[in-house]
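# Following is a predicted model, sequence given first.
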Amino acid sequence: MRILVTNDDGIHAEGLKAAEAIARQLSEDVWVIAPQEEQSGASRSLSLTMPIRLEEIGPRKFAVRGTPADCVIMALCHIMPQRPDIIISGVNRGQNLADDVTYSGTIAAAMEGAVLGIPSFAFSQCYGIEDLQGVPFEVAEKHGAKVIRLVLGADCPDCRLYNVNFPDCRPEQVRGITVTEQGKRDINQLIVERRVDLRRRAYYWLGFRREAGNPPEGTDLHAIASRMVSVTPLHMNLTRRETLAVLRTGLDGSRQP
């Protein structure tokens, strides 16, 4: 099995080391191709107005001056001699749950792989929920390979994209693995913080509050709150099918004869 490992936190991120460790539990044929610098929140953006630089860090390990999606494209179209069998993106430093899906560069890299027909896993390690020191990447390292084996063993030919979040606890405290749907936060966590520099000019940081909501069972948010590994199958078609019939009926009268 040939595995491509990438991320959005950058080539030197601790989570990338964790993802590589997970990949090596499954195969010896592991390629690491990740952004030169952190690209958190980059979503599925591409570098279309500037050149992409490539640096070989070591055997089968490359840094790309570009986005997570750029990394996957460079890997498949230029760097790797053969296509990978699976892609692992992550392990992200922090959760990618609910509304985070459309912001995440971690998930975007997996999306790029899924579009190209490769089973792709976006791995994220939650932290800051419980009173632990640091980010417990050991949870992802312990359970990540098992998740991949179980998903591949389930043989879901119509799905190539999986969003996996690991709970904020010790590895032995994980209560299991559960399949979830994408949740919706009932609290707006996005904040804008105003600061002033030494020249008395204002500048701003975007960030997130860490507040617990009340997520319903079956969602990724509820799974993480329950110390479960959350596995959410995703797809790229964003059409809201529940609205199609209603909207078509409403627009029928506006058609020109």
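That came through, no problem. Residues are numbered from 1 along each chain as shown.
# got the buried residues for stretch 94-108?
The neighbour-count check on stretch 94-108 (16 or more other Cβ atoms under 10 Å) flags 94-101, 104-108 as buried. (Glycine included, C-beta is placed from N, CA and C.)
# actually stretch 29-41, not the one I typed
With burial defined by 16+ other Cβ under 10 Å, the residues of stretch 29-41 counted as buried are 30-36, 38-40.
# how far out from the middle of the chain is that stretch?
Relative to its chain's centre, stretch 29-41 lies at 12 Å (Cα atoms, centre = their mean, to the nearest Å).
# can you list contacts of that stretch?
For stretch 29-41, contacts defined as Cβ atoms under 8 Å, 6 or more residues apart in numbering pick out 1-11, 13, 16, 20, 23-24, 53, 55, 57, 60-68, 70-72, 74-75, 79-80, 84, 103-105.
# looking only at pLDDT, what's the mean for that stretch?
Stretch 29-41 shows a mean pLDDT of 93.
# tell me how far the ends of it are from each other?
One end of stretch 29-41 sits 29 Å from the other (Cα to Cα, to the nearest Å).
# Doesn't residue 144 lie inside a strand?
No: Residue 144: not assigned to a strand; according to DSSP: H, G, I helix; E, B strand; the rest coil it is helix.
# Next up, the contacts around the residue lying closest to it once chain neighbours are set aside.
Ranked by Cβ to Cβ, 6 or more residues apart in numbering and with sequence neighbours excluded, the top spatial neighbour of residue 144 is residue 22, at 3.8 Å. Shown in contact with residue 22 (Cβ under 8 Å, 6+ apart): 88, 91, 123, 140-141, 144-145, 148.
# buried set for the one helix or strand residue 22 maps to?
Using DSSP states H and E, residue 22 maps to helix 14-24. Neighbour-count burial for helix 14-24, counted by 16+ other Cβ under 10 Å, picks out 15-16, 18-23.
# cool, stretch 61-81 as well?
In terms of neighbour count (16+ other Cβ under 10 Å), stretch 61-81 has its buried residues at 61-64, 66-76, 79-80.
# all strands of the stretch 151-257 of the chain, in order?
161-166, 177-179, 190-196, 202-208, 229-234 (DSSP state E, counting those that start in this stretch).
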